[in-house]
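In: one predicted model, sequence on top.
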Amino acid sequence: MFIKGTTFKNKSLMGVSTMTQSQSLKVSIHPHTVVAMMHRPETSVGVSVDNGPMVVEVVDPKLKEHCTVVDSGFDDVYAEDAEEIVTPFSVSIASGCSLLRNPRHNKGLAFTEKERDAHYMRGLLPPVVIKQELQVKKTMNDIRQYDVPLHKYKAMMELQERNERLFYKLLVENVEELLPIVYTPTVGEACQKYGSIFKRSQGLFISIEDKGRILEILNNWPEKNIQVIVVTDGERILGLGDLGCQGMGIPVGKLSLYTALGGIRPSACLPITIDVGTNNDKLLNDEFYIGLRQKRANTQEYAELMNEFMSAVKQNYGEKVIIQFEDFANHNAFDLLAKYSPTHLVFNDDIQGTAAVVLAGLISALKLVGGSLADHRFLFLGAGEAGTGIAELIALEISKQTHVPLEEARKKVWLVDSKGLIVKSRLNSLQQFKKPWAHEHQPVTDLLDAVKAIRPTVLVGSSGVGQTFTKEVVETMSSYNKKPVILALSNPTSQSECTAEQAYTWSQGCAIFASGSPFGPVEYNGKIYMSGQSNNAYIFPGFGLGLIISGATRVHDDMLLAASKALAAQVTQEHLEKGLIYPPFANIRKISACIAAKVAAKAYELDLASRLPQPENLVAYAESRMYSPNYQIYR
């Protein structure tokens with residue numbers, strides 16, 4: 001096959017025309033459209049543009065079968081169907097098996113009689129034709145047969161590799177049930193066992209041995225119009241530590257949520273793992289480990305590799321590709337974010353996403369406890385990426401509300417690390433990112449003593465260490481506050497600082513509680529308590545959608561504040577009466593659209609948006625841009 005004249009990328013397809021042996025066909029189509037698909041490489045395609053729609057000429061004198069030419073009429077390259085229906089026509093005409101084996105286009109028994117004839121599938125499927133809704137019901141029944149969460153995870157991943165739209169349809173319609181399966185806490189166990197369960201690559205693996213070839217590797221990925229990259233080096237996976245190359249489960253899981261919850265089309269998402277080795281001896285001695293069997297690269301090698309990676313991504317995908325750093329260790333996470341924020345569209349979910357979702361919960365909690373943020377005292381157990389990120393965003397919002405300097409606002413927030421309360425006398429021994437939180441106070445080494453000394457109204461756990469909010473800590477918090485706010489954020493569930501049952505029981509039902517991993521309802525003294533989940537999935541899908549629909553070129557802190565307030569605005573009085581400081585996930589796509597609209601509006605306000613003019617109704621525009629998991633009709 002060759003193309004004369006203009007060359008263009010795959011776009012959406014709607015209408016179909018056919019031609020028979022030794023015929024030429026000219027079709028007028030829009031510029032953003034794939035033009036023709038042929039049976040064999042001998043077919044030639046001529047393309048010309050004469051101050052109007054593109055004209056395509058397909059000449060195939062050798063074929064007796066008919067060729068297919070398609071026109072979409074779509075103008076918007078971001079629309080969810082862009083690039084969605086190319087492959088069926090390009091491969092299925094030669095073989096219906098190819099269509100059935102392609103997860104993006106496979107519909108299984110939902111292919112209609114007309115589609116089966118048009119795409120040479122007659123006999124390749126049982127005769128019954130069923131609707132997608134029945135497939136959803138059947139597949140959910142199958143998944144519910146598994147008792148072990150990891151088995152459910154594997155079943156979902158196999159479905160994603162077999163039938164992409166059905167996978168997302170299940171996830172969208174059963175998000176509260178399936179979110180803990182495809183993401184935390186089950187994804188943590190999946191990463192630990194990733195080498196044993198690995199079957200098919202779902203993203204790119206770039207190792208330190210690929211230095212000098214990263215641009216070449218990016219070009220090996222079949223999709224060219226990438227809008228979101230989630231990248232990890234696997235050094236700090238959830239609360240599980242260094243999992244090396246097996247951390248790939250995190251980017252894969254995050255991007256499935258970008259699609260299901262934020263409506264970013266799957267073909268625009270790219271998971272990447274940077275493998276520089278691992279310091280986990282257990283993995284290095286595991287015969288099923290899939291990564292490099294060496295200790296982590298030194299600082300200079302690491303920095304050079306990341307610099308090449310960031311340059312290659314920008315060169316290959318442009319200025320507006322979102323690069324989300326995920327589960328990097330503290331000593332790299334802060335440096336990477338600081339280094340590349342001025343030059344790339346970068347976002348660290350552990351630092352910024354966690355901060356935004358926690359601030360949203362605190363804004364909601366104020367409706368129950370009263371006062372403004374500035375009226376409260378915050379104590380954190382954990383001073384890593386999450387803890388300092390949350391603390392900084394809280395201080396920034398206090399500063400904006402009270403018009404005091406940021407340094408003054410930080411004095412409302414206290415942090416405890418592994419060595420105790422962060423105070424001025426420790427300044428010289430502190431890591432750089434902890435130094436802003438070193439306040440004047442005598443040294444305190446124990447969390448319980450820190451609670452007694454600071455008397456916080458809000459206690460936040462981001463330590464990654466389970467069962468650190470002891471009975472004495474919760475009881476002490478309750479003695480100082482009528483409604484203590486207790487957020488046990490560490491993931492997975494085994495690493496949570498306390499359980500929902502412990503928080504409600506030890507506080508005698510007074511606590512306002514939320515956690516990073518989900519907990520079920522708790523009954524205490526005849527009353528049912530519902531706990532919220534402070535899950536980053538509330539923020540990053542809508543945040544990413546907002547960046548995309550506005551064409552943002554950089555991330556600004558004000559966008560994070562806008563996202564937090566948009567999420568808090570979705571919490572109703574009915575939710576608050578149940579003790580919830582986050583809205584249910586059942587309506588997450590609407591929530592994501594509202595967040596996207598506020599983020600996009602802030603991008604336009606800050607002159608960081610490149611998609612002009614600004615749409616009048618950003619919520620409606622965000623919803624219209626969302627990928628739909630409903631099956632498409634192939635004609």
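Out: Received the coordinates, thanks. Numbers count the residues shown, from 1 in each chain.
In: OK, contacts around the residue positioned nearest the centre of the chain?
Out: With distances taken as C-alpha atoms, centre = their mean, K254 lies nearest the centre of the chain, 3.4 Å away. K254 is in contact with Y183, V230, P271, Q324, E326, D349, F540, counting by C-beta atoms under 8 Å, 6 or more residues apart in numbering. The C-beta positions use only the backbone N, C-alpha and C, and glycine is treated the same way.
In: give me phi/psi at the fifth one?
Out: Put plainly, it is E326. phi -140, psi 120 (degrees, to the nearest 10).
In: against I422, how distant is the closest residue to it other than its chain neighbours?
Out: The shortest distance from E326 to any residue other than its chain neighbours is 4.5 Å, reached at T232 (C-beta to C-beta, 6 or more residues apart in numbering). T232 sits at a distance of 27 Å from I422 (criterion: C-beta to C-beta, to the nearest Å).
In: over to the nearest residue to N587 once chain neighbours are set aside. Which of the three states is it?
Out: Nearest residue to N587, sequence neighbours excluded (C-beta to C-beta, 6+ apart): Q570, at 7.7 Å. For Q570, the secondary structure call by DSSP: H, G, I helix; E, B strand; the rest coil comes out as coil.
In: right, and Q570 touches F585 too?
Out: No: with the criterion set as C-beta atoms under 8 Å, Q570 and F585 do not qualify as a contacting pair; they are 11.0 Å apart.
In: any stretches of this structure with poor pLDDT?
Out: Along the chain, the model assigns pLDDT under 70 to residues 1-95.
In: quick one, helices of the stretch 501-635 of the chain?
Out: Counting by DSSP state H, counting those that start in this stretch, the stretch 501-635 of the chain has these helices, from start to end: 540-550, 557-568, 573-577, 588-605, 618-624.
In: would you mind finding the most buried of these?
Out: helix 540-550 (a mean of 29; mean count of other C-beta atoms under 10 Å).
In: show me what that one is packed up against.
Out: Contacts of helix 540-550 with other secondary structure elements, assessed using 3 or more C-beta pairs under 8 Å, 6 or more residues apart in numbering; DSSP states H and E, are made with helix 249-262, strand 322-325, strand 346-348, helix 557-568, helix 588-605, helix 618-624.
In: now do the fourth one: everything it contacts.
Out: Helix 557-568 has contacts (C-beta under 8 Å, 6+ apart) with 352, 355-357, 359-361, 363-364, 393, 396-397, 400, 538-539, 542-543, 546-547, 552, 582-583, 591, 594-595, 597-599, 601-603, 606.
In: quick one, phi psi at the residue nearest to E326?
Out: Phi and psi for T232, reported as degrees, to the nearest 10, are phi -140, psi 160.
In: contacting residues for it?
Out: Taking C-beta under 8 Å, 6+ apart as the definition of contact, the neighbours of T232 are G247, M248, I250, P251, I272, T273, I274, F325, E326, D327, F328.
In: 10 Å - rerun?
Out: The contact partners of T232, taken as C-beta atoms under 10 Å, 6 or more residues apart in numbering, are 191, 243, 245, 247-251, 254, 271-275, 324-328.
In: tell me how far it lies from H331.
Out: Between T232 and H331 the distance is 15 Å, computed by C-beta to C-beta.
In: could you do S494 as well?
Out: For S494, the distance to H331 (C-beta to C-beta) stands at 25 Å.
In: same question, T112
Out: Going from T112 to H331 by C-beta to C-beta gives 56 Å.
In: also H151?
Out: Looking at H151 against H331, where the rule is C-beta to C-beta, the gap reads 36 Å.
In: now swap in N535 and tell me
Out: Applying C-beta to C-beta, the value for N535 to H331 is 26 Å.
In: which residues touch F334?
Out: For F334, the set of contacting residues under the criterion of C-beta under 10 Å, 6+ apart consists of F328, N348, I351, G384, E385, T388, G389, Q431, Q432, F433.
In: now I486
Out: Applying C-beta under 10 Å, 6+ apart, one finds that I486 lies in contact with 458-461, 469, 473-474, 477-478, 497-498, 500, 502-504, 506-507, 510-515, 531.
In: please apply the same query to K169.
Out: Residues near K169 by C-beta under 10 Å, 6+ apart: Q132, E133, Q135, V136, T139, N163, A260, S628, P629, N630, Y631.
In: neighbours of R293, how many?
Out: R293 is surrounded by 12 other residues when neighbours are defined as other C-beta atoms under 10 Å.
In: contacting residues around it?
Out: G244, G277, T278, L283, L284, N285, D286.
In: mind running it again at 8 Å?
Out: Applying C-beta under 8 Å, 6+ apart to R293 gives the contacts L284.
In: for it, give its distance to G387.
Out: Counting by C-beta to C-beta, the gap from R293 to G387 is 33 Å.
In: same check, this time on D449
Out: Counting by C-beta to C-beta, the separation of D449 from G387 is 18 Å.
In: repeat that for P484.
Out: Taking C-beta to C-beta as the criterion, P484 is separated from G387 by 18 Å.
In: between the two, which one's more packed in?
Out: Taking neighbours as other C-beta under 10 Å, P484 and G387 compare with G387 leading, 31 against 24.
In: helix, strand, or coil at that one?
Out: Per three-state DSSP, the local secondary structure of G387 is helix.
In: so who does it touch?
Out: Under the criterion of C-beta under 8 Å, 6+ apart, the contact list for G387 reads F380, L381, L415, V460, S462, S463.
In: what's the neighbour count on the closest residue to S507 other than its chain neighbours?
Out: The spatial neighbour of S507 that comes closest, neighbours along the chain excluded (C-beta to C-beta, 6+ apart), is S478 at 4.4 Å. The criterion is other C-beta under 10 Å. On that basis, S478 has 19 neighbouring residues.
In: contacts only, for S478.
Out: By C-beta under 8 Å, 6+ apart, the neighbours of S478 are P484, W506, S507, Q508, C510, A511.
In: could you do V358 as well?
Out: With C-beta under 8 Å, 6+ apart as the criterion, the residues that contact V358 are I390, L393, I394, V460, L487, L489, S534.
In: buried residues in the one helix or strand it maps to, which are they?
Out: Secondary-structure element containing V358, defined by DSSP states H and E: helix 354-369. Along helix 354-369, these residues count as buried under the neighbour rule (16 or more other C-beta atoms under 10 Å): 354-366, 369.
In: now swap in stretch 204-223 and tell me
Out: Neighbour-count burial for stretch 204-223 [16+ other C-beta under 10 Å]: L204, F205, I206, S207, I208, D210, I214, I217, L218.
In: same thing with stretch 375-388?
Out: In terms of neighbour count (16+ other C-beta under 10 Å), stretch 375-388 has its buried residues at 376-388.
In: tell me which of these is nearest to A409?
Out: In terms of C-beta to C-beta, no member of those lies closer to A409 than F378, at 10.9 Å.
In: before I go, just wanted to say thanks for your time.
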